[in-house]
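> Pasted the sequence and its predicted model underneath.
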Amino acid sequence: MQTFSGHLGVLQEGTRAKIRSVAGPQWFKERMYELGLLPGVTVTLVKRTPFGGPIVIEFLTQRLALSYKEANWIHVDVLGTEPQ
Amino acid sequence: MAADIEKTIVLVGNPNCGKSTLFNYMTGGDASVGNWPGVTVDVKTGIWKDNDRTFKVVDLPGSYSLMGTNADEKVTSEFLTSQDYDVILNVIDATSLERSLMLTLELLDLQKPTVVALNFMDELEKSGASIDAELLSQIIGIPVVFISALKGMNMDALRNALEQAKPPKILPFNRSLENLIATVSEDNSLSRFDALNRIASEQTQLDETLRSLDGIHPQEHIVMERYKKAHQIATEVMKKLPEKWRFSDMLDHVLLHPLVGIPTFGVVLYLLFKIIFTVGQPLTDLLADAISWLSTVITHELPSGLIRNFIQNALFGGVGNVISFVPLVFVMFFAVGILENSGYMARASLIMDRPLSRFGLSGKSFISLILGFGCNVPAILSTRAIDDPVERRITSMVIPLIPCNARLPVLTILGAALFGRNALVVVLFCYALSTLFSLILAFAFRNVAFKKMPSFFALEMPPYRMPSMKLTARLAWFRTKDFLHKAFSVVLITTTIFWILLTFPLGADISQSFMARIGMFLSGTVFKPMAFNWEMSSALLTGLAAKEAVLSSLGQLYHASGSALASVLHNAIYMPSGIAFIVFFVLYVPCIATIAALRKEIGQKWTAIQLVVQLTIAYLVSIGAFWLSSLLFA
């Protein structure tokens, strides 16, 4: 299967992806580490909100809302789409 | 006695995992506390009698790691490596499985019989997830038992597991680390645990092998290995509860819908206000009446004079005024608590995040700002729901600029005095003005004072659930009590000072009081650019005690009230200076109760900065308003 990689913020709802790297300033990386969003972790984009508002992602059975701008500091490899 | 004891059980776990609750349940709270030599950390020992079995139970201090350097962790690891015991009972908070497993993996390296007790499973299930205990037990090779330490649930299964516990099998690290462990333990005839500790503390001479550990510090390498393993295990055993989320997803589909979600949000906000003020306000009024009744009864018994005057005006008038806020504050905390516990608060923050991020705030500060329109005090206290400390501080610092309910009657009368029937326009203008300034101030604080800490929104989204009334009420009461406790002393001191200023020199008319003299002084100096007369200056001073006091002071000074006051003011006040007065009143420093709440939430230094900034804004804008209206109306 052909893989697509890109920023977390641009995924479609229902897309599963694996985190490849976390960019951005140090405080952001540290915060992501605390939250458990590390390279290798699989996340699913659950919900987008209109007008560039935060996105909701699911990982390790928990859901997290993340602002759109910072979500794009997270680079992911797309795995596929979950059945709706 | 000692012969009856079957086994010695040692309780180990992270801080707040419910370990002590379990200990108290087992021993019936009957424990002997012994300080471990050299440090003041408690190691509690008790007897657990279950059916006809008797166990000795040792409760070790809460620890995240056995390699830790703080006193609690040192005591724990020293006990586990040097003392005699039969079985380790590792208590785990199910809601933070991954972090807890880090300690579990360390315990496994001790190679002692170990049992895991999963506590707080009900909490985890409320957040829409569950743990497959059987699978977890298979992976880590030791028994895993669900318990509720609080209710003493599943204690039979726990006792069985403890009685049959055997030393665990080894969960291997990567090959190079395992080789190193084998070499170190063989050469020095050390246990696996001690060998690991020696490697971690770099006491090995095996330079070559060390280099094979990615070239990073061996302790860091070990921690990373454990973290990877803990993460992997957690991913495998944590299961989503689809039935919890199905309903939640359906609700989100509506409540986060671009067209439906935002109007619904407006309705929820309206209801929030409606409830706070239709339930809280009458109760507050009732309490205020009760306090003034009590004041009359008590002062009636006292001989007239200074003491009676003090009790009547300072104690009952000032402190009583703050106490009468209690129902309002409680109802606010309760209503906000319901929103929090139902899961809707997280959605509201999500919706408001984008607009607020332009001003350096995030969605989390929204509810606090909205509550500020009701009363600044509970609004500032509600900022505790914001977990980012910088954002919490900024939000607290801009709330005082939001016009609270107490400012409304003052604005209405002043508006009527200056503009007659257009009073409502004045009121709305003032609301817009102060909201605008609060957002500008937020922007300024974020970009000047807290430049290095950008705003960032990351919020856990729980599934919707039915909030528990009992728990919400208990939390609300706890928060209310906390507020009262802290605000009390500040309010008492200030009301006493105000009472002195208004009462002395004794026997003189109010226009001769210290307060009036300060008002005259202010009118001649700082308020000269706006041409405030001394009555206006004194009234502003009393507004520090409570915003609505400005109205009653003006009434006292002009011997009128209500609409009569409006017409008296209309003739007495020069138009541009009246407009400047309204602007100053809307923007200047908050009342004492708000200052007390601020001081409690953000500390003395930031409260001082806030007051200076807000006063400066009010002053400059007021002068600007005076000049502008002089050009327009004079």
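Perfect, thanks for sending it.
> Give the buried residues for stretch B:240-255.
Neighbour-count burial for stretch B:240-255 flags B:241, B:244-245, B:248, B:252, B:255 (criterion: 16 or more other Cβ atoms under 10 Å in any protein chain shown). For every residue, glycine as well, the C-beta is placed using N, CA and C.
> Please render those residues as TSV that adds distance to chain A and pLDDT to the earlier fields.
Listed next are those as TSV, based on distance: Cβ to the nearest Cβ, whole Å; pLDDT from 0 to 100:
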residue	distance to chain A	pLDDT
B:241	8	80
B:244	10	77
B:245	8	83
B:248	9	87
B:252	7	89
B:255	11	88
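> Mind putting those residues into a markdown table with distance to residue A:69 and secondary structure?
Putting these into a markdown table (distance: Cβ to Cβ, whole Å; DSSP: H, G, I helix; E, B strand; the rest coil) gives the following:
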| residue | distance to residue A:69 | secondary structure |
| --- | --- | --- |
| B:241 | 32 | coil |
| B:244 | 30 | helix |
| B:245 | 27 | helix |
| B:248 | 26 | helix |
| B:252 | 22 | helix |
| B:255 | 24 | helix |
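> Can I take it that residue A:77 is in a strand?
Yes. Applying DSSP: H, G, I helix; E, B strand; the rest coil, one finds residue A:77 inside a strand.
> Could you double-check that it lies in contact with residue A:15?
No. Residue A:77 lies out of contact with residue A:15 (Cβ atoms under 8 Å); the separation is 11.0 Å.
> So for the two, which sits in the more crowded spot?
residue A:15 (19 against 13; other Cβ atoms under 10 Å in any protein chain shown).
> Residue B:348 and residue B:366, how far apart?
Look at residue B:348 and residue B:366: by Cβ to Cβ, to the nearest Å, they are 6 Å apart.
> Point out the residues in chain A that sit beside chain B.
A:27-28, A:31, A:35-36, A:38, A:41, A:47, A:49-54, A:56, A:60-67, A:70 (Cβ under 8 Å from any Cβ of the partner chain).
> try 7 Å this time
Within chain A, the positions adjacent to chain B are A:31, A:35-36, A:47, A:49-54, A:56, A:60-67, A:70 by Cβ under 7 Å from any Cβ of the partner chain.
> From the buried residues of stretch B:240-255, pick the one nearest residue B:152.
Among the buried residues of stretch B:240-255, residue B:241 lies closest to residue B:152 (Cβ to Cβ), at 24.7 Å.
> Let me see the contact set for the closest one.
B:125, B:128-130 (Cβ atoms under 7 Å, 6 or more residues apart in numbering or on different chains).
> now, among these, which is nearest to chain A?
residue B:129 (3.9 Å; Cβ to the nearest Cβ).
> Find the nearest non-adjacent residue to the closest one, please.
residue A:61 (3.9 Å; Cβ to Cβ, 6 or more residues apart in numbering or on different chains).
> what number of residues lie near that neighbour?
19.
> So what's the predicted local confidence for residue B:394?
We have a pLDDT of 93 for residue B:394.
> In which helix or strand does it reside?
Taking DSSP states H and E as the criterion, residue B:394 maps to helix B:389-398.
> That helix packs against which elements?
Counting contacts by 3 or more Cβ pairs under 7 Å, 6 or more residues apart in numbering or on different chains; DSSP states H and E, helix B:389-398 is packed against helix B:423-444, helix B:592-633.
> switch the cut-off to 8 Å
helix B:366-372, helix B:423-444, helix B:592-633 (3 or more Cβ pairs under 8 Å, 6 or more residues apart in numbering or on different chains; DSSP states H and E).
> Deepest-packed of those helices, please.
Mean neighbours per residue, mean count of other Cβ atoms under 10 Å in any protein chain shown, is largest over the helices and strands packed on helix B:389-398 for helix B:366-372, with a mean of 24.
> Now do stretch A:5-14: distance to the chain's middle.
7 Å (Cα atoms, centre = their mean, to the nearest Å).
> and the end-to-end length of stretch B:148-168?
End-to-end span of stretch B:148-168 (Cα to Cα, to the nearest Å): 24 Å.
> pLDDT averaged over stretch B:88-104 - what is it?
pLDDT averaged over stretch B:88-104 gives 91.
> ok, now stretch B:270-287?
83.
> Show the contacting residues for residue B:251.
residue B:464 (Cβ atoms under 8 Å, 6 or more residues apart in numbering or on different chains).
> Is it located within a helix, as I assumed?
Yes. Secondary structure of residue B:251 (three-state DSSP): part of a helix.
> Against chain A, how distant is it?
12 Å (Cβ to the nearest Cβ, to the nearest Å).
> Ok, residue B:155 next?
If you go by Cβ to the nearest Cβ, the gap between residue B:155 and chain A works out to 28 Å.
> and what of residue B:60?
26 Å.
> So for that residue, what's the pLDDT?
90.
> Residue B:293 now?
pLDDT, read off for residue B:293, is 87.
> Doesn't it lie inside a helix?
Yes. Assessed with three-state DSSP, residue B:293 lies in a helix.
> need the helices for the stretch 51-200 of chain B, in chain order.
B:71-82, B:97-108, B:121-126, B:133-140, B:155-164, B:175-188, B:192-200 (DSSP state H, counting those that start in this stretch).
> Indicate which one of the ones you listed is closest to residue B:301.
helix B:121-126 (53.6 Å).
> so of the residues of chain A next to chain B, which ones are in helices?
With DSSP state H as the criterion, helices contain A:31, A:35, A:70 from among the residues of chain A next to chain B.
> Going by neighbour count, which of those comes out on top?
In those, the most neighbours by other Cβ under 10 Å go to residue A:70, 22 neighbours.
> hmm, back to that, among the helices and strands packed on helix B:389-398, which comes closest to chain A?
helix B:366-372 (12.6 Å).
> Touching the closest one from outside, list them.
Outside helix B:366-372, the residues touching it (Cβ under 8 Å, 6+ apart) are B:269, B:272-273, B:276, B:332, B:336, B:339, B:345, B:348-349, B:352, B:356, B:361, B:378-380, B:382-383, B:385-386, B:395-396, B:398-400, B:402, B:404, B:438.
> All set, thanks.
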